[in-house]
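# mind looking at a prediction? Sequence and model below.
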Amino acid sequence: MSVFALLDPAVGLAHDVVAALAQVLPTALAIVLFTVCVRLALHPLARAAARGEKARARLAPKVAELNRKHKGRPEKLQAALAELYREEKASPFAGCLPMLVQIPFFSVMYRLFTTPNDLLGHTLFGVPLGLHVGSAQGAAQWVVFGVLYAGLAAVAYVGFRRARRAQAASPQAAQPGLSFLPYLSFGTVLFAALVPLAAGIYLLTTTAWSAAERAWLHRGGAPVPGLALV
């Protein structure tokens, strides 16, 4: 049994919900609505992750100072860092667990929209939701995929700009070996070219939600380095 097969019961439940929505809405809109509902349910985890990111950003100058002070003495450095986080009632891993907990949810969504099922036989402006861009034929189908990729590229650009600002505000994030990280935002566009149209609609919806959610959670403060899950 594959690891992904363990998700089949959850995938089946998600399919039934989307199929029920598709009885009263266009299937593409049902995918959008279902994705928004899932992201809304996961919002408390995103808030916890944001609090962890802010705590790490707030303590970053003190951590850097301890690194300089105890350079070459790893035992003392670890003890000093442990004392710092204990005094501040924070954790170097704060925010990581909420992000990890979200992974199974996104795996279910991905499997639902990439595994052949009856939902993928429905269409968006005449384009089957199970169609890959490599199989597109005619101007109408290319226009649908073009609009989808343009939307993904716009959202990716927002993430790219935020990551660049975060690097400028944080010397640690601007290290030469990490300078490529902002460009990873555009990986979603490339990934969308490998999956069916339905998965592309999901990607556009969830990445747009992530961008808006991150902007809201970090409003009024300096950009915090980090990549959001989709």
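Right, received. Where do you want to start? Numbering: from 1, shown residues only.
# is it true that V143 lies in a helix?
Yes - under DSSP: H, G, I helix; E, B strand; the rest coil, V143 falls within a helix.
# confidence score at it?
Note for V143: predicted pLDDT of 95.
# burial count for F113?
Close neighbours of F113, defined as other C-beta atoms under 10 Å, add up to 27. Where C-beta positions appear, they are placed from N, C-alpha and C, glycine not excepted.
# which parts of the strand or helix carrying it are buried?
Taking DSSP states H and E as the criterion, F113 maps to helix 96-114. Across helix 96-114, burial judged by 16 or more other C-beta atoms under 10 Å covers 98-99, 102, 105-114.
# quick one: mean pLDDT for the next helix or strand after it?
Following helix 96-114 in sequence order, the next helix or strand is strand 123-124 (DSSP H and E). Averaging pLDDT along strand 123-124 gives 94.
# name the helices or strands packed onto strand 123-124?
helix 27-41 (3 or more C-beta pairs under 8 Å, 6 or more residues apart in numbering; DSSP states H and E).
# what angle do helix 96-114 and the helix it packs on make with each other?
170 degrees (axes from the mean of the first three to the mean of the last three C-alpha atoms, to 10 degrees).
# so which elements touch helix 27-41?
helix 8-21, helix 96-114, strand 123-124, helix 197-217.
# any chance of the buried residues of helix 96-114 in TSV, plus distance to V38 and pLDDT?
As requested, the buried residues of helix 96-114 are exported to TSV (distance: C-beta to C-beta, whole Å; pLDDT from 0 to 100):
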residue	distance to V38	pLDDT
P98	15	61
M99	15	68
Q102	10	72
F105	6	82
F106	9	82
S107	12	87
V108	9	88
M109	7	85
Y110	12	85
R111	13	88
L112	11	90
F113	12	89
T114	16	86
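# from the residues you listed, pick the one nearest Y149.
Minimum distance to Y149 across the buried residues of helix 96-114 is 16.3 Å, recorded for F113 (C-beta to C-beta).
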